[in-house]
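>>> Got a sequence here, can you build the structure:
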Amino acid sequence: MNAFELEMPDSLKAAVALLDPEDPTIRVMSGGTALMLMMKTDVFHPTRLISLRRIEETWSQMGPMPDGSFRIGAMCTLSQMEHNDALAAFAPVIRQTMYLLSNVRVRNVATVGGALAHGDPHMDLPPVLVALDAEVVTESPEGSRRIPVAELHLGYYETVLRGDELIREVIIPPQQDRRASYLKCTTRAVKDWPALGVALSADLDGDSMRDARLVIGSVGERPLRVSEVEAVVNGQQMTERVIRDAGEAAAASVETIPDELGSAAYKTQLVRVHVERALRAVVNQNA
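Model prediction:
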């Protein structure tokens, strides 16, 4: 590991000021779980790390907003999200996801902002936040902007964030009576990196599904929203035939890429099976 500067600003504004969009070796550190691994394995050699541990407490807090949405500060840890009862009541799928996400040591330090900004397509949380139609709010010298999480990731470890821009919070819109679920498949322990993750959020009128948002992670370079499946299920009674057709539509439309967790053909079969399971999980939720 090479020598580097460590800055610990006491405000978000001061942290932004330390960024240099022309220098890719300067990196912000929140929880640091992924970044430390990259440094220890010589994948990344920083010249300066900017720790966010001392910035304002508001960026480590979360809660409901007057318009019915839910705000999560970017420095909130995954454990905070797991144990926050208001968030669990607002979007139960997030607590469900945390039970499957890594181990408690990682969840105690990893933050939601870091999980999104890292851009690793094998993360559990991004597909869930895309399915919930969440947005990130960023901060830069030009001010703030809102970016749908669905548009945040471009490819492996690549996001639309500029070099002088930070995620400051996540906003999840009102969910009303929508149901949501997240399923993952691993090739080792249940909390390991997913070979596939499927997140689904939808309205149900009786057995009829509406406004489905189905997102698949860990099979491509970024979370993939699968409109072909949504077209199959929206407005339909969720019979076994429709569910099987949806699984086939997913397998036919999602272009999987191989990695150390499975071949492309293996992942395509996972897509087929787990899309069907995610649909059944949502249909049978609260039944």
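
>>> who touches the helix-or-strand element of the chain with minimal mean pLDDT?
Lowest mean confidence among the helices and strands of the chain (mean pLDDT, DSSP states H and E): helix 33-40, at a mean of 87. Residues outside helix 33-40 that contact it (CB atoms under 8 Å, 6 or more residues apart in numbering): 1, 27, 29, 43-46, 49, 106, 109-110, 114, 118, 120. From N, CA and C alone the C-beta is placed, and that goes for glycine too.

>>> Looking at those, which is nearest residue 163?
residue 27 (10.1 Å; CB to CB).

>>> I figured the closest one was touching residue 51, is that so?
No - taking contacts as CB atoms under 8 Å, residue 27 lies outside contact range of residue 51: 10.4 Å.

>>> And the two? Which one has more around it.
residue 27 (19 against 15; other CB atoms under 10 Å).

>>> per-residue confidence for the residue lying closest to that one once chain neighbours are set aside?
What sits nearest to residue 27 in space, not counting adjacent residues and going by CB to CB, 6 or more residues apart in numbering, is residue 46, at 5.1 Å. Note on residue 46: pLDDT of 91.

>>> Show the contacting residues for residue 46.
Residues near residue 46 by CB under 8 Å, 6+ apart: 2, 4, 25-27, 39.

>>> Please tell me how far it sits from residue 167.
Counting by CB to CB, to the nearest Å, the gap from residue 46 to residue 167 is 19 Å.

>>> Now do the strands in the stretch 1-150 of the chain.
Using DSSP state E, counting those that start in this stretch, the strands of the stretch 1-150 of the chain run over 5-7, 26-29, 48-51, 62-64, 70-73, 135-140, 143-148.

>>> Would you mind putting the ones you listed into CSV with distance to residue 85 alongside?
As requested, those are exported to CSV (distance: least, CB to CB, whole Å):
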stretch, distance to residue 85
strand 5-7, 35
strand 26-29, 29
strand 48-51, 29
strand 62-64, 11
strand 70-73, 12
strand 135-140, 23
strand 143-148, 27
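
>>> Minimum distance to residue 162: which of those has it?
strand 135-140 (6.2 Å).

>>> in the least confident helix or strand of the chain, what counts as buried?
Residues of helix 33-40 classed as buried: 33-35, 39 (neighbour count, 16 or more other CB atoms under 10 Å).

>>> Give me the below-cutoff pLDDT ranges for this protein.
Applying pLDDT under 70 to the chain picks out residues 1, 287.

>>> what's the domain layout of it?
The record assigns the chain these domain ranges, following the TED database: 5-51, 64-172, 179-284.

>>> which one of these lies closest to residue 57?
Set against residue 57 and scored by CB to CB, these come closest in domain 64-172, at 8.5 Å.

>>> Centre of the chain to the closest one, how far?
With CA atoms, centre = their mean, to the nearest Å as the basis, domain 64-172 stands 6 Å off its chain's centre.

>>> With stretch 26-45 instead?
Using CA atoms, centre = their mean, the offset of stretch 26-45 from its chain centre is 19 Å.

>>> what's the span of that stretch from first residue to last?
End-to-end span of stretch 26-45 (CA to CA, to the nearest Å): 9 Å.

>>> Grab the nearest non-local neighbour of the residue sitting nearest the centre point of the chain.
What sits nearest the mean C-alpha location of the chain, by CA atoms, centre = their mean, is residue 126, with 1.3 Å. Excluding the flanking residues, the one nearest residue 126 by CB to CB, 6+ apart is residue 223, at 4.9 Å.

>>> In contact with that neighbour, which residues?
Contact analysis of residue 223 by CB under 8 Å, 6+ apart lists 121, 126-127, 130, 150, 153, 215-217.

>>> how much space is there between it and residue 47?
For residue 223, the distance to residue 47 equals 31 Å [CB to CB].

>>> and residue 208, how many neighbours does it have?
Neighbours around residue 208, by other CB under 10 Å: 13.

>>> the helices in the stretch 101-250 of the chain, which residues?
According to DSSP state H, counting those that start in this stretch, the stretch 101-250 of the chain carries its helices in the segments 104-109, 112-117, 125-131, 227-233, 240-253.

>>> Would you tell me which of the ones you listed gets closest to residue 143?
Closest approach to residue 143 among the helices of the stretch 101-250 of the chain is made by helix 112-117 (17.9 Å; CB to CB).

>>> I'm done for today, thanks for sticking with me.
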